[in-house]
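S.K.: Quick one: sequence and predicted model below, then my questions.
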Amino acid sequence: MCQSCLQRLVLLLIVFITINAAHVSQAQEPWPNNKQIAISLSYDDALHSQLDNALPALNQRGLKASFYVSPLSDAFSTRVDEWKEVAVQGHELGNHTLVHACKKSLANRDWVPKHNDLDIRYVQEMVEEVTLANTLLYAMDAQTIRTFTAPCNDKLTKNGNYIEAVKDQFIGIKGSEDPNFARLIAPNNISAQQIIAYIEKQPKNIKLINVLFHGIGGDHLAITTAEHNKLLDYLQANKDKYWVDTYRNIMQAIPQN
């Protein structure tokens, strides 16, 4: 083999080893303060029980969370100043579209109004709706970095996947993470111990757990206030292991490609 060819081969091997080492280091890099697992507590739909029950419990324990609001909901439109205060207190106001369109064609979706059926919406309609929601939220909290959660986790409109069309507006879309990195649980009428068991049984490669709530002691898809508070107490008692923060902050801590 010619000397120059050998030199090029050695150089390529060095570059390959360096890149691999960087990838391994990045994969093994701990969360801030050497926390083992990030926990994103989030609350969908902008509900009265979230302001009345969840928010005081979070603030009492110094825990930060993400609230994915639908601005046309009653609890949002009638309590705008309180939602502004949520952001002032260090929590995240996340985008959950304006009117919470879901696919009526799926099982147990009788509650979806015909006019709000994602099956009859077009991608461009959803892009405009999501963009307008971002503008409204910016007017409330002046944040330029935003995350998103799709209502009902539905993505397909009449003519395509609208998430693909809006994803560049966000640093993170909850539920779209690599399943080898993150998991999601949406508690509904279950105990804190069941949620804790779910968190504790995850394999070591899982570094992010999304706990996605709706009602807290009221409204829909609810868990009781007592069980919610037990979970918060558990997370606070294990703060040496868990990093509990807004989904935005967690996403910002992940190196972006």
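M.R.: Cool, the structure landed.
S.K.: Could you work out the end-to-end span of stretch 134-147 for me?
M.R.: Start-to-end span of stretch 134-147 (C-alpha to C-alpha, to the nearest Å) is 10 Å.
S.K.: avg pLDDT for it?
M.R.: Taken as a whole, stretch 134-147 has an average pLDDT of 98.
S.K.: buried residues in it?
M.R.: Buried residues in stretch 134-147, defined by neighbour count with 16 or more other C-beta atoms under 10 Å: 134, 137, 140-141, 146-147. C-beta: built from backbone N, CA, C; applies to glycine.
S.K.: Identify the bridge partners of residue 94.
M.R.: In this entry, residue 94 is beta-bridged to residue 68, by DSSP bridges.
S.K.: My read is that it contacts residue 148, right?
M.R.: Yes: contact between residue 94 and residue 148 holds when scored by C-beta atoms under 8 Å: they sit 6.5 Å apart.
S.K.: So for these two, which residues contact both of them?
M.R.: Shared contacts of residue 94 and residue 148, defined by C-beta atoms under 8 Å, 6 or more residues apart in numbering, comprise 68, 174.
S.K.: Tell me the one of the buried residues of stretch 134-147 nearest residue 89?
M.R.: Proximity of the buried residues of stretch 134-147 to residue 89 (C-beta to C-beta) peaks at residue 141, which lies at 10.9 Å.
S.K.: Could you list which residues are in contact with that closest one?
M.R.: By C-beta under 8 Å, 6+ apart, residue 141 lies in contact with 84, 87, 93.
S.K.: let's go with 6 Å and repeat that
M.R.: 87, 93 (C-beta atoms under 6 Å, 6 or more residues apart in numbering).
S.K.: can you check the one 5 residues further on too?
M.R.: For residue 146, the contacting residues are 95, 134, 170, taking C-beta under 6 Å, 6+ apart as the criterion.
S.K.: can you redo these as a markdown table with distance to residue 201?
M.R.: Putting the contacts of residue 146 into a markdown table (distance: C-beta to C-beta, whole Å) gives the following:
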| residue | distance to residue 201 |
| --- | --- |
| 95 | 31 |
| 134 | 36 |
| 170 | 29 |
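S.K.: on that earlier part again, so which of the buried residues of stretch 134-147 belong to helices?
M.R.: The helices, defined by DSSP state H, take in 134, 137, 140-141 from these.
S.K.: re the thing from before, neighbour count: residue 94 and residue 148, which is higher?
M.R.: With neighbours defined as other C-beta atoms under 10 Å, residue 94 and residue 148 compare such that residue 94 has more, 27 against 24.
S.K.: Confirm for me that that one is in contact with residue 147.
M.R.: Yes: Residue 94 is in contact with residue 147 according to C-beta atoms under 6 Å; the separation is 5.0 Å.
S.K.: To what extent is the nearest residue in space to residue 162 that is not next to it in sequence buried, counted in neighbours?
M.R.: In space, residue 162 comes closest to residue 126 once its chain neighbours are excluded; the distance is 3.8 Å by C-beta to C-beta, 6 or more residues apart in numbering. Residue 126: 23 surrounding residues under other C-beta under 10 Å.
S.K.: Wait, residue 126 touches residue 161, no?
M.R.: No: using C-beta under 6 Å, residue 126 makes no contact with residue 161, being 9.8 Å away.
S.K.: And the helices in the stretch 151-257 of the chain?
M.R.: For the stretch 151-257 of the chain, the helices defined by DSSP state H, counting those that start in this stretch occupy 162-166, 192-200, 225-237, 247-252.
S.K.: Name the stretch among these that sits most buried.
M.R.: Stretch with highest mean neighbour count among these: helix 247-252 (a mean of 21; mean count of other C-beta atoms under 10 Å).
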